[in-house]
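**Student:** Just need the structure, nothing else, for what follows:
(chains A and B)
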There are 2 protein chains.
Amino acid sequence: MKLNSNLYSFSDNTFYNVTEKVNKYKEKHPDNKIISLGVGDVSKPVVKSIIEAMHKAVDDQANMETFKGYGAYYGYDFLKDVILENEYKDFGFTRDEIYISNGTKSDSTNILELFDIDSKICVSDPMYPIYMAGAKILNRNITCLDCNEDNNFIPTIPKEKYDIIYICSPSNPTGTCYTYDDLEKWIRYAKENKAVILYDNVYNAFIRSENVPRSIYEIDGAKEVAIEFRSFSKVASFTGLRCSYYIIPNEIDKDINYYWKNRTINRFNGADYIVQKGAMEVYSDSAKKEIKKNIDDYLEGAKKLRRVFENNGYSVYGGIDSPFLWIKTKDGMDSWEFFDFFLEKLNIIIIPGIIFGSNGDKYFRVSALASKGVIDEAIERINKYYEK
Amino acid sequence: MKLNSNLYSFSDNTFYNVTEKVNKYKEKHPDNKIISLGVGDVSKPVVKSIIEAMHKAVDDQANMETFKGYGAYYGYDFLKDVILENEYKDFGFTRDEIYISNGTKSDSTNILELFDIDSKICVSDPMYPIYMAGAKILNRNITCLDCNEDNNFIPTIPKEKYDIIYICSPSNPTGTCYTYDDLEKWIRYAKENKAVILYDNVYNAFIRSENVPRSIYEIDGAKEVAIEFRSFSKVASFTGLRCSYYIIPNEIDKDINYYWKNRTINRFNGADYIVQKGAMEVYSDSAKKEIKKNIDDYLEGAKKLRRVFENNGYSVYGGIDSPFLWIKTKDGMDSWEFFDFFLEKLNIIIIPGIIFGSNGDKYFRVSALASKGVIDEAIERINKYYEK
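**Tutor:** Here you go, the predicted structure:
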């Protein structure tokens, strides 16, 4: 028996290392009040009507007449139908092309099981590090495309041929978005190279700019090349509940959904019934209104955070159509040095950019998904520090 | 872009084909009352105290103070602790060696990501077909070991060297159990060959016989070679809720849990909080009592089903420490022929043995997880048919 050596090759640049460093610091300084703009977890609770829907679903499990055992592997139709109606009405997808799952973190690399093991994959650097880690664990070939200020954190179309392209927009970590123009270019590339785009669109609810599509399918031809992933985590505070969905258009390949259904039957047993019932309620009028307000609040926090960093001389990206800000370090610090500086001097946790790839080494990520209280406190501390 | 050709190689012998055949029959005979002893889904609703615990957990999600976002990747300590206390007290496992997940179906082949891709895997035939399918999808080498009446459906220890051994006990589909003696032999083999046993133990709550261990860790040396998988699905009617757990002992390899934590951080975001709270309640005195009664009821149903088939001249295996009966067809029928016969003549769904491997082709599987009403009706129909 030999262990999968890919699992040993992970660097010391992970979220796990952030947690470890924070814990060590806390042990040494138990009285310091540390606040976090780090991990992108939400701070708003689940809205009332969704809570009620989940209570009802819990009760369904209590009686033989309403009890739900194994659900559909690909998700319940009641949830598929409201998603198709509310999110994809203009695109004509069928139930056969949508899958309900338990989180885009797993979905975004599980999907690699759909493709030949020798497929050539590309991903931007910086990136959501799960793509790289998942691809490595699954023994896939994956290459990084440079992203930096010069290309506005959107990789330049490569000369090489890739089979699979990861795109995350609004981007985690940079908070930047692919515009209609950007996506048109990538879709053209994908068509010319018979490639597939894996479009991680989990932050789509944060988009406010006119030139940024809410879905990749708004662009002509996308249905022939793109699989789009979304989640209820950030939209509806489902990070602890686990519900996601994705679209695999039949236009990509006539057999693609046959293949993927074979995979899913054999590798997954569906998402939790209670949570699917809760997710369905996301599209009620009452929940929609409350959710919109929550996202507006997060975006307001992002705006305030942009301002405080800019006012104190930082170069800030993102934070407009995204809860994430991508900020350049100062004074030549690399991203771990900056992490230590912010932790020690301000007792604020941020995420060092190197975690997202080598091009992140002079950057850090700030999350505006924290509560208003935490964001205001962080702003006060930053202003105070720079006043000195 | 090329699709994963392993996904096309699935045979026409799957649960999916059972469903298709049944649906076709229903279309043609809309008035026939078809009952199912097929898919191993539970029929008992979730017990009251677990329902209450889940209501409380739903309410936790409604308020900022009690809201739970991202949980521990490997499961909440509150659940780990009650499992270790109630299921593994004598074995001295630590929180670091137990993982909470969303179902053994996924867990049992996800675990292959822990091992080198060139590992040689063996599995019994007949088997829970998910092992074979998952291994194929993940591009692994997997070999079948014959099981039949001669070896009492426990494969003979092979001469060849394998790195990974799947064992399911109580077995799905055959309902047979590995005794202390059987497991001692396999543990010895695993040690001699530096192999790992993946021990699928999800039906352990059904064990009543003295010579069958409840956990593989009851056998000396098992901690050095075995990973044990369990689930709340059949025990607590969580098939629609999704919660499972497994143990990876540190004794297998000093780095094994470091490797697996790296994998899990990157490939999974934890099980649903509400369901973990429900699973914790499984170990309350009140739930324990009700659950014991439920399992006893299923076993009573299994006993009655054994009797009716035996009385009508069938050779029956399993159904004693397991909700599954593994029964030999009659009159030289292969398992699809028998399926058609039972569907058409008795309007009863059973599962053709071929679905579980080529050695199942003269057998069929019957599930006693159906409700008492269904089981009694099935017994009546079988008796009536053979009276003619």
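**Student:** Where does residue A:197 sit: helix, strand or coil?
**Tutor:** Three-state assignment for residue A:197 (DSSP: H, G, I helix; E, B strand; the rest coil): strand.
**Student:** Residue A:121 now?
**Tutor:** Residue A:121 ends up strand, using three-state DSSP.
**Student:** Now do the contacts for the nearest residue to residue A:194 once chain neighbours are set aside.
**Tutor:** Once flanking residues are discounted, residue A:194 sits nearest to residue B:1: 5.4 Å by C-beta to C-beta, 6 or more residues apart in numbering or on different chains. The way it works is simple: take the backbone N, C-alpha and C, and place the C-beta from them, glycine included. Counting by C-beta atoms under 8 Å, 6 or more residues apart in numbering or on different chains, residue B:1 touches A:115, A:116, A:119, A:163, A:164, A:194, A:195, A:196, A:253.
**Student:** same thing but 6 Å
**Tutor:** Taking C-beta atoms under 6 Å, 6 or more residues apart in numbering or on different chains, we find residue B:1 in contact with A:163, A:194, A:195, A:196.
**Student:** what's the domain layout of chain A?
**Tutor:** With domains defined by automatic domain parsing, chain A comprises A:5-46+A:286-387, A:65-284.
**Student:** for residue A:327, helix, strand, or coil?
**Tutor:** Per three-state DSSP, residue A:327 ends up strand.
**Student:** Could you report the pLDDT at residue A:388?
**Tutor:** If you check residue A:388, the pLDDT there is 67.
**Student:** Likewise for residue A:100?
**Tutor:** Residue A:100 is given a pLDDT of 98.
**Student:** Which positions are bridged to it in the beta structure?
**Tutor:** residue A:245 (DSSP bridges).
**Student:** residue contacts, it?
**Tutor:** Residue A:100 neighbours (C-beta under 6 Å, 6+ apart): A:75, A:79, A:245, A:271.
**Student:** Going by distance to residue B:147, which of those wins?
**Tutor:** residue A:271 (33.8 Å; C-beta to C-beta).
**Student:** from the domains of chain A, which stretch is densest packed?
**Tutor:** Comparing these by mean neighbour count (mean count of other C-beta atoms under 10 Å in any protein chain shown), domain A:65-284 ranks first with a mean of 20.
**Student:** Ends of that domain, what's the gap?
**Tutor:** 26 Å (C-alpha to C-alpha, to the nearest Å).
**Student:** now stretch A:81-93
**Tutor:** End to end - C-alpha to C-alpha - stretch A:81-93 spans 10 Å.
**Student:** quick one on the thing from earlier: pLDDT for the contacts of residue B:1 - can I get that in JSON lines?
**Tutor:** What follows is these, written out as JSON lines (pLDDT from 0 to 100):
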{"residue": "A:163", "pLDDT": "98"}
{"residue": "A:194", "pLDDT": "97"}
{"residue": "A:195", "pLDDT": "98"}
{"residue": "A:196", "pLDDT": "98"}
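**Student:** What residues does residue A:347 make contact with?
**Tutor:** Residue A:347 touches A:32, A:34, counting by C-beta under 6 Å, 6+ apart.
**Student:** and what of residue A:173?
**Tutor:** A:126, A:324, A:326, A:356, A:365.
**Student:** Surely it is within a helix?
**Tutor:** No - judged by three-state DSSP, residue A:173 forms no part of a helix; its state is coil.
**Student:** Report the secondary structure element holding the spatially closest residue to residue A:44 that is not a sequence neighbour.
**Tutor:** Nearest residue to residue A:44 in three dimensions, chain neighbours excluded: residue A:294, at 4.6 Å (C-beta to C-beta, 6+ apart). Assigned by DSSP states H and E, residue A:294 falls within helix A:285-311.
**Student:** Show me what that helix is packed against.
**Tutor:** Other elements packing on helix A:285-311 under the criterion 3 or more C-beta pairs under 6 Å, 6 or more residues apart in numbering or on different chains; DSSP states H and E are helix A:48-60, strand A:316-318, helix A:372-387.
**Student:** ok and the residue in the stretch 251-388 of chain A nearest chain B?
**Tutor:** Here the stretch 251-388 of chain A gets closest to chain B at one residue, residue A:266, 3.7 Å apart by C-beta to the nearest C-beta.
**Student:** packing partners for the strand or helix carrying that residue?
**Tutor:** For residue A:266, the host element (DSSP H and E) is helix A:256-267. When contacts are defined as 3+ C-beta pairs under 6 Å, 6+ apart, helix A:256-267 sits against helix B:129-137.
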